[in-house]
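# Quick one, fold the following:
(one chain, ligands or ions: 2)
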Amino acid sequence: MSAAADRLNLTSGHLNAGRKRSSSSVSLRAAEKPFKVTVIGSGNWGTTIAKVVAENCKGYPEVFAPEVQMWVFEEDINGEKLTEIINTRHQNVKYLPNITLPDNLVANPDLIDSVKDVDIIVFNIPHQFLPRICNQLKGHVDRHVRAISCLKGFEVGANGVQLLSSYITEELGIQCGALSGANIATEVAQEHWSETTVAYHIPKDFRGEGKDVDHKVLKALFHRPYFHVSVIEDVAGISICGALKNVVALGCGFVEGLGWGNNASAAIQRVGLGEIIRFGQMFFPESREETYYQESAGVADLITTCAGGRNVKVARLMATSGKDAWECEKELLNGQSAQGLITCKEVHEWLETCGSVEDFPLFEAVYQIVYNNYPMKNLPDMIEELDLHED
Ligand SMILES: NC(=O)c1ccc[n+]([C@@H]2O[C@H](COP(=O)([O-])OP(=O)(O)OC[C@H]3O[C@@H](n4cnc5c(N)ncnc54)[C@H](O)[C@@H]3O)[C@@H](O)[C@H]2O)c1
Ligand SMILES: O=P(O)(O)OC[C@H](O)CO
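Numbers count the residues shown, from 1 in each chain. Ligands and ions are numbered 1, 2, ... in the order given. This next block holds a predicted model:
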């Protein structure tokens, strides 16, 4: 095959849509051996991203193996296994109902079997389950496997506060980037247009175009006509925003539930964006400030989450019902997770460890409301009292 002939000219609608920094070329080299892809996770976002990935793997057989495995945490749904329902009726009736999934997406309840001979793993589970999943995967994933984390949260432990992509790299010894954006799963699943950001550093042991994963491969894997992908390098920036916007969304839900309206919600988002950026500057200086403003994973995700995400809904119900966070999550989400409830505790623990709680009054207020029943009506004072700019 000639050098020209072994390059795929992906349609301009595929690789060239929108402003793109990493993939101005439309040409993508056919893989020597098509990349085999597995998605770990089958919740609301896990199933949606698996649909996106399976559509592209079917569309680009020169680059990807058409069959995509999706690891499913097995559940019994009215006497039937969830995996059987997905594989026969092509719907995830519990976590993404009324969306038809591609028939090349195969649900697999066996985690280890789902990553057999895999080249690319897409992690997409609620982040509290990541340590157990990584523990199970240890020893079963080759060091040349590449990964993308779609999770939103942090890992806080002996190593301080860690990005989940770094945690995956450390636990499994594989290169891992991240995908994050203004992406309410059901809207993406319904193929309503949205944007996202993928961030990935090319590793030192990169084996070459056509043999290894690069920015163009990642764009081909995730970009759809209804899901426009920007590929950048700032893994830390997009991950910080993705994790912390969930904490800000809880704050928005509280003031909305109290009936304070749009001005109060905008104030929380303003303060929240400032704290997100400060968190990045203090603890992840490699993150880039422009990512917060320019990328879908930045302020756009903050806006969409605060408008219609699960965290805001849970916090709103807490305010209107007086019930605690866990009751509200259970009542509203049918087994899905409001990640901000866990993230605000992780952030609090980390900030306490490094004596920086007072630098992040909104994050701290949200933590105190969720875990220690502080009255939400005091939120403005809690932010004001600790305001660094006060004389
Ligand atoms: N849903 C969205 O709109 C959305 C959008 C972007 C990013 N995210 C992020 O993606 C990540 C995954 O979210 P999601 O919406 O797919 O999940 P989800 O909130 O729908 O959670 C349900 C999933 O958790 C699984 N689960 C339950 N118990 C488990 C266990 N013990 N071990 C492993 N898995 C278990 C369930 O089987 C199910 O697949 C989160 O970090 C979330 O913040 C979500
Ligand atoms: O429903 P949430 O609050 O988990 O937010 C969903 C996505 O993260 C929005 O991009």
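# need the contact list for the closest residue to Ile174 other than its chain neighbours.
Nearest residue to Ile174 in three dimensions, chain neighbours excluded: Val145, at 4.9 Å (CB to CB, 6 or more residues apart in numbering). Every C-beta, even on glycine, is put in place using the N, C-alpha and C of the backbone. Contact partners of Val145, counting by CB atoms under 8 Å, 6 or more residues apart in numbering, are 115, 118-121, 172, 174.
# I'd like to know which of those is nearest to Ala220.
Ile120 (11.1 Å; CB to CB).
# thinking the closest one is in contact with Phe222, fair?
No - here Ile120 does not reach Phe222: they are 10.7 Å apart, not a contact under CB atoms under 8 Å.
# Show me the common contact partners of the two, please.
By CB under 8 Å, 6+ apart, no residue touches both Ile120 and Phe222.
# Cross the contacts of Val145 against helices and list the overlap.
Among these, the ones falling in helices (DSSP state H) are Leu172.
# was I right about Gln136 contacting Leu111?
Yes - if you go by CB under 8 Å, Gln136 and Leu111 touch, sitting 5.5 Å apart.
# So these two - more neighbours on which side?
Using other CB atoms under 10 Å, the more surrounded residue of Gln136 and Leu111 is Leu111, with 17 against 12.
# Mind pulling up the pLDDT for the more buried one?
With respect to pLDDT, Leu111 scores 98.
# for Gly157, same thing?
88.
# so what's it bridging to?
Gly160 (DSSP bridges).
# Could you check how many residues crowd around it?
13.
# Tell me how far it lies from Leu137.
18 Å (CB to CB, to the nearest Å).
# Also Ser239?
Counting by CB to CB - Ser239 and Leu137 are separated by 20 Å.
# which one of these two has more residues nearby?
Ser239 (30 against 22).
# Phi and psi next, for that one.
Main-chain torsions, Ser239, degrees, to the nearest 10: phi -70, psi -40.
# Could I get the full set of strands for this protein?
7-9, 27-29, 37-40, 68-71, 76-77, 80-81, 105-108, 120-123, 146-149, 154-157, 160-163, 175-180, 194-199, 227-232 (DSSP state E).
# from this structure, which residue is nearest to ligand 1?
The chain approaches ligand 1 most closely through Gly43 (2.5 Å), counting by CB to the nearest ligand atom.
# Give the burial count for the residue in the stretch 51-200 of the chain positioned nearest to ligand 2, as a bare number.
Taking CB to the nearest ligand atom, ligand 2 has its nearest neighbour within the stretch 51-200 of the chain at Asn183, 4.3 Å off. Counted with other CB under 10 Å, the neighbours of Asn183 add up to 25.
# likewise the one 10 residues further on?
The criterion is other CB under 10 Å. On that basis, Trp193 has 11 neighbouring residues.
# Looking at Ala3 now. What's its pLDDT?
Confidence score, pLDDT, at Ala3: 37.
# With the one 5 residues further on instead?
With respect to pLDDT, Leu8 scores 62.
# cool, Glu364 as well?
For Glu364, the predicted pLDDT is 98.
# Next, count neighbours for it.
Residues contacting Glu364 under the criterion other CB under 10 Å number 24.
# Let's see if you can find the most crowded of the contacts of Val145.
Ile121 (26 neighbours).
# Apart from its chain neighbours, what residue comes closest to it?
Per CB to CB, 6+ apart, closest to Ile121 is Ala147, 4.5 Å.
# and that neighbour, what are its bridge partners?
Counting by DSSP bridges, the residues bridging with Ala147 are Ile121, Cys176.
# could we number from 6 for the rest of this?
Noted, 6 is the first residue going forward, which turns the last one into Ala152.
# Was I right to think it contacts Gly182?
Yes - counting by CB under 8 Å, Ala152 does reach Gly182; the two are 7.4 Å apart.
# Which one of the two is surrounded by more residues?
Gly182 (26 against 23).
# can you give me phi and psi for the nearest residue to the more buried one once chain neighbours are set aside?
Spatial nearest neighbour of Gly182, excluding adjacent residues (CB to CB, 6+ apart): Tyr205 at 3.1 Å. For Tyr205, the backbone dihedrals (degrees, to the nearest 10) come out as phi -160, psi 130.
# What is the burial count for Tyr205?
24.
# Now for it: which residues touch it?
By CB under 8 Å, 6+ apart, the neighbours of Tyr205 are 153, 180, 182-183, 218, 220, 223, 236, 238, 240.
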